[in-house]
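Chemist: below: sequence and its predicted model.
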Amino acid sequence: MTAGKFIAYLAAAILIFFGVLFIWATFSPQGQIGWLFVGLVSVGIGFGLIYLASRRKTPAPGEETTLKIDLPGEVSLEKLQCRNCGGTLTADNIKLVAGAPVVTCPYCGTSYQLNEEPKW
């Protein structure tokens, strides 16, 4: 469970608890009809938070995301070589880690981030 889901569930529990207390207090001798409205709204918001938190998809640890890019026009690729051993690398050796392309060499096991150098 992520921190966001935990906070949503905790806030929902608090809202539902106090909402039920307001609804219950409405029917006491000193109760007011306005408390019923406050209690119902609080309980409704609490259940709404539970619904939204349960629908939110969280990726499993180690789950990879594949991003396919459609490049316009003709694109020529240069031969990619490992900085450490000079071995030939393929597109399968490149993974996105935290939004940055990281290359892992299948020959020497070196991992490093790809940096695109300017062409000028």
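Modeler: Now that the structure is in, tell me what you want to look at.

Chemist: need phi/psi at Gln30.
Modeler: Backbone torsions of Gln30, given as degrees, to the nearest 10, read phi -90, psi 10.

Chemist: which ones are touching it?
Modeler: Residues in contact with Gln30 (CB atoms under 8 Å, 6 or more residues apart in numbering): none are found. The C-beta positions use only the backbone N, C-alpha and C, and glycine is treated the same way.

Chemist: tell me how the protein divides into domains.
Modeler: By the record's domain assignment, the chain is partitioned as 3-55, 63-115 (automatic domain parsing).

Chemist: and the ones you listed, which is most packed in?
Modeler: Stretch with highest mean neighbour count among these: domain 3-55 (a mean of 14; mean count of other CB atoms under 10 Å).

Chemist: how far does that domain stretch from start to finish?
Modeler: Its first and final residues considered, domain 3-55 spans 15 Å by CA to CA, to the nearest Å.

Chemist: that's a helix at Trp24, yeah?
Modeler: Yes - using DSSP: H, G, I helix; E, B strand; the rest coil, the secondary structure at Trp24 is a helix.

Chemist: need the nearest residue in space to it, chain neighbours excluded.
Modeler: Leaving aside its chain neighbours, Trp24 sits nearest to Gly39 (7.8 Å; criterion: CB to CB, 6 or more residues apart in numbering).

Chemist: give the contact list for the one you found.
Modeler: With CB under 8 Å, 6+ apart, Gly39 has these contacts: 18-26.

Chemist: okay, now the unreliable bits of this structure?
Modeler: Filtered on pLDDT under 70, the chain yields the residue ranges 1, 58-62, 64-65, 70-78, 116-120.
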